[in-house]
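*Asks:* sequence below, structure please.
(chains A and B)
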Amino acid sequence: MSKISRRKLITTGLLATAGATGLGVAAKLAERYGLIPPDAGVLYGAGETLTYAAQRLFARYSLAPEFGRSQISKDPFANPVDPLGAEFQRLQAGGFADWRLAVDGMVARPTSFSLAELKSFPWSTHITMIACEEGWSYIAEWSGVPLAHILNRVGALPQARYVVYRSFQPAWWDSIDMADALHPQTLLAAGMNGGELPVPFGGPLRLRIPRQLGYKNVKYITRLTLTDNLKRFGKGLGSAAPEGGYAWYAGI
Amino acid sequence: MGTITQMTEALRPRHPALVRVTHWLITLSFLALLVTGVEILISHPRFYWGETGNVNTRALFSLPIPSSRGTVPTGYGYVLPDQNGWSRYLHFEAAWVAVLTGLLYVAFGFLQGHFRRNLLPAPSDLSPKRLAIDIARHLRFRRPSEEEAWSYNVLQRLTYLLVIFVLFPLVIWTGLAMSPAVASVFPAAVTVWGGRQSARTIHFFVSIFLVLFLLVHVLMVYLAGFRKRVGAMITGRLTPPRGRA
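*Replies:* Alright, predicted model coming up:
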């Protein structure tokens, strides 16, 4: 073996070791700062991780654009949902007086709230756009309780990293990280355009996250679970979306 | 002249290694973006202007194709299978590859004088008369001379500059303008187009121009000698190596 090729070998070896160590450290740091999405391991997870990490680094506290009253869409579109069933119709007939929102998991005081209780909490309103991953969109005025207020009230534990939310429709469950859960525009919305939130749009209770696409804004919310580990839910990919081939994070 | 260019070839390849590698990375990611982009488009083949638009709104125009969503009125009696999940995953992954590769290429182009030397047209070539001659020559699909294989003609230079500095930045910008998280950081990046739906519509038209470029580019490479030109973009050498000496 000539001198040059030995030197080259050593240099290449050192560079490879440094590179691998660098990547390992970067992965550890990314994990620690919450830059790895739960579906990072799927087929196209690398691109997804870059997107989520970049948006968490540069868009953690940014506010979704708010619009003027004149920009509210006159003909919003509600994506049709599967039949909600007799139990939902019973609740609807009773004006949703018996609708409950349970909050459990990593909280000091697991609690269940009625709609009336939720409506007695500080109310927040914003005129924002909801955009579907398909490409269409509309603007509406949404009102509800900031999710951060609920998390405060039940005493979210500091080690909680995600809020898992479930719908009256069992197929629709999802989760968001604390950056979105504590974001001031994230609402448990019960009102739309000055009235009650209509059932086709997710009434009586819908999670409204204006910095993510429509499918994260799950309708008919019944339960919130705080956790530090999404592996325990479903197939461990963070929500029903990646199980159906869609990305967990929908900020893009 | 021929011997000089052949001598310089030994010193410098027809296409620098970085140009070759980035060319094929961009090709791969563009094809992935195109296929997945079409799939995503099929889920809502309607276009709008302004901030909002949906099936309850009047469309600016809609494509006469079937859709992968039953909620879209297309006039077709069937609904195509939904491919948006993997399409969206791959679209954004390919976009990362395209953007990072593009940045590397543009940095190289400026630092190594690639743009100045190889893409910036000579002022004398930009006279209307010279341009007219060149356009006429292209329209007659005349096979270029051997000499021309060593540098880009003025139409090539202008087209490549348009693709690199106008079409690609535009398609990336209008793509990012559709991201609700990006809109929350740079609202002006959306409003400058007139809204999210306008950005989506422009994204579509810029993509059409990029596809047109791809078709004409491949046709021109074919006319100039497909094997030789593609070989030069792979190996860097224009003349095929004789034997394995």
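
*Asks:* near chain B, which residues of the stretch 51-200 of chain A?
*Replies:* Within the stretch 51-200 of chain A, the positions lying close to chain B (Cβ under 8 Å from any Cβ of the partner chain) are A:51, A:55, A:58-59, A:62-65, A:67, A:71, A:73, A:75-77, A:79-80, A:129, A:131-139. The C-beta positions use only the backbone N, C-alpha and C, and glycine is treated the same way.

*Asks:* kindly recompute the last result at 7 Å.
*Replies:* A:51, A:55, A:58-59, A:62-65, A:71, A:73, A:75, A:77, A:79-80, A:129, A:131, A:133-139 (Cβ under 7 Å from any Cβ of the partner chain).

*Asks:* can you give me the helices in chain B?
*Replies:* Counting by DSSP state H, chain B has helices at residues B:2-11, B:17-42, B:84-111, B:114, B:128-139, B:154-162, B:168-176, B:180-185, B:188-191, B:196-235.

*Asks:* and the ones you listed: which comes nearest chain A?
*Replies:* helix B:84-111 (2.5 Å; Cβ to the nearest Cβ).

*Asks:* mean confidence score for the host helix or strand of residue A:28?
*Replies:* Using DSSP states H and E, residue A:28 sits within helix A:3-32. Helix A:3-32 shows a mean pLDDT of 83.

*Asks:* on that earlier part again, out of the helices of chain B, which is the most enclosed?
*Replies:* Highest mean neighbour count among the helices of chain B (mean count of other Cβ atoms under 10 Å in any protein chain shown): helix B:180-185, with a mean of 24.

*Asks:* ok now that helix, how far from the chain's centre?
*Replies:* Relative to its chain's centre, helix B:180-185 lies at 25 Å (Cα atoms, centre = their mean, to the nearest Å).

*Asks:* and that helix, what's its mean pLDDT?
*Replies:* The average pLDDT within helix B:180-185 is 97.

*Asks:* so is that helix next to chain A?
*Replies:* Yes. Judged by Cβ under 7 Å from any Cβ, helix B:180-185 and chain A are in contact via B:180-181, B:183-185.

*Asks:* how about the residues you listed in CSV, adding distance to residue A:226?
*Replies:* Listed next are the residues of helix B:180-185 next to chain A as CSV, based on distance: Cβ to Cβ, whole Å:
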residue, distance to residue A:226
B:180, 24
B:181, 23
B:183, 28
B:184, 24
B:185, 27
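
*Asks:* reformat the helices of chain B as TSV; add distance to residue B:78.
*Replies:* Shown next, in TSV, are those (distance: least, Cβ to Cβ, whole Å):
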stretch	distance to residue B:78
helix B:2-11	56
helix B:17-42	12
helix B:84-111	17
helix B:114	50
helix B:128-139	42
helix B:154-162	40
helix B:168-176	30
helix B:180-185	32
helix B:188-191	35
helix B:196-235	24
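
*Asks:* circling back: just the closest of the residues of helix B:180-185 next to chain A to residue A:23, please.
*Replies:* Distances from residue A:23 to those, taken as Cβ to Cβ, are shortest for residue B:181 (25.5 Å).

*Asks:* wait, that closest one touches residue A:55, no?
*Replies:* Yes. In terms of Cβ atoms under 7 Å, residue B:181 counts as a neighbour of residue A:55; the distance is 4.5 Å.

*Asks:* what do the two both touch?
*Replies:* Listed contacts common to residue B:181 and residue A:55 are residue A:251; contacts here mean Cβ atoms under 7 Å, 6 or more residues apart in numbering or on different chains.

*Asks:* in space, what's closest to residue 187 - neighbours in sequence excluded?
*Replies:* This is for chain A. Among residues not flanking residue A:187 along the chain, residue A:144 sits closest, at 3.8 Å (Cβ to Cβ, 6 or more residues apart in numbering or on different chains).

*Asks:* let me rephrase: I mean chain B.
*Replies:* residue A:65 (4.6 Å).

*Asks:* where does that neighbour land in three-state SS?
*Replies:* For residue A:65, the assignment made with DSSP: H, G, I helix; E, B strand; the rest coil gives coil.

*Asks:* in chain B, which residue is most central in space?
*Replies:* In chain B, the centroid-proximal residue (Cα atoms, centre = their mean) is residue B:210; its distance is 4.3 Å.

*Asks:* isn't that residue up against residue B:172?
*Replies:* No. Using Cβ under 7 Å, residue B:210 is not in contact with residue B:172, being 11.1 Å away.

*Asks:* so which residue of the stretch 101-250 of chain A comes closest to chain B?
*Replies:* Nearest to chain B in the stretch 101-250 of chain A, going by Cβ to the nearest Cβ, is residue A:245, at a distance of 2.9 Å.

*Asks:* and that residue, what are its phi and psi?
*Replies:* Main-chain torsions, residue A:245, degrees, to the nearest 10: phi 90, psi 0.
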